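J.: I'll drop the sequence and a predicted model, then ask my questions.
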Amino acid sequence: MTPPSQLAANEPLAYLTAATAGIRHHIRTTTSLPGGRPATRAQVDALHDHLTALHTLLGRLAEQTRGERPAQSSHFVAARTRLWQAGEHLHDAFHQAPRTPTPAPAPDAPQDDTCQQDIAPTGPPFLTICLRHLRTSTLVRQETTPADLHSPLHGHARHRAG
């Protein structure tokens with residue numbers, strides 16, 4: 001694999017390589033802590049966002065390859081379904097993670113009538129993950145059968161070339 005430093009910054013592969021490097025860095029830094037710590041809501045939210053983006057990418061790759069390479073497209077579709085299942089579990093894990101208390105604003109911090117220190121510009125984190133999950137689940141239900149969503153994966157799935 002080409003090191004990220006040798007890829008042009010505008011190449012799509014450079015972004016995928018950087019995302020993978022970021023995840024690997026996170027693995028190293030979080031597993032090096034003595035005793036370990038449970039995943040935070042922020043970590044689960046970030047992972048869910050990452051899986052949702054991968055889900056979208058695999059859907060587009062499946063669509064682009066369907067005509068010329070149906071077997072490859074079928075594998076992309078299967079991987080996309082598995083990512084959706086993983087996203088479901090991450091969404092559930094997010095809601096099982098303890099809420100972290102929001103630190104109170106400093107007494108000398110400037111405030112106005114519209115300032116809400118505990119809400120991010122895009123809304124509370126639980127709304128962000130839930131809205132993202134709802135948008136993705138709507139697409140999944142339009143493009144995937146319930147049987148596909150609930151079928152277990154046993155061994156290596158074979159996909160026909162034609």
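T.: Received the coordinates, thanks. Quick caveat, the model's predicted, so the values are computed rather than measured. Residues are numbered from 1 along each chain as shown.

J.: buried stuff in the strand or helix carrying E88?
T.: If you go by DSSP states H and E, E88 is part of helix 70-96. Counting neighbours by 16 or more other Cβ atoms under 10 Å, one finds that the buried residues in helix 70-96 are 72-81, 83-85, 87-88, 90-91, 94. To be clear about C-beta, it is placed using only N, CA and C from the backbone, and glycine gets the same treatment.

J.: so which elements touch the next helix or strand after it?
T.: Proceeding N to C from helix 70-96, the next assigned helix or strand is helix 125-143, under DSSP H and E. Using 3 or more Cβ pairs under 8 Å, 6 or more residues apart in numbering; DSSP states H and E, the elements in contact with helix 125-143 are helix 41-65, helix 70-96.

J.: how about the ones you listed in a markdown table, adding distance to L149 and mean pLDDT?
T.: Below are the helices and strands packed on helix 125-143 laid out as a markdown table (distance: least, Cβ to Cβ, whole Å; pLDDT from 0 to 100):
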| stretch | distance to L149 | mean pLDDT |
| --- | --- | --- |
| helix 41-65 | 13 | 92 |
| helix 70-96 | 7 | 92 |
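
J.: show me the contacts for the residue nearest to H48 when sequence neighbours are not counted.
T.: Excluding its sequence neighbours, the residue lying closest to H48 (Cβ to Cβ, 6 or more residues apart in numbering) is L90, at 4.4 Å. Shown in contact with L90 (Cβ atoms under 8 Å, 6 or more residues apart in numbering): 44, 47-48, 51.

J.: most neighbours among the residues you listed, please name it.
T.: H48 (24 neighbours; other Cβ atoms under 10 Å).

J.: measure that residue to R132 for me?
T.: 7 Å (Cβ to Cβ, to the nearest Å).

J.: what about G36, which SS state?
T.: coil (DSSP: H, G, I helix; E, B strand; the rest coil).

J.: next, count neighbours for it.
T.: Look at G36: counted by other Cβ under 10 Å, it has 9 neighbours.

J.: for T52, same thing?
T.: Per other Cβ under 10 Å, the neighbour tally for T52 reads 20.

J.: contact partners for it?
T.: 87, 132-133, 136.

J.: pull the most distant pair out of the residues you listed.
T.: Pairwise distances across those (Cβ to Cβ) peak at 9.0 Å, for the pair G87 and R132.
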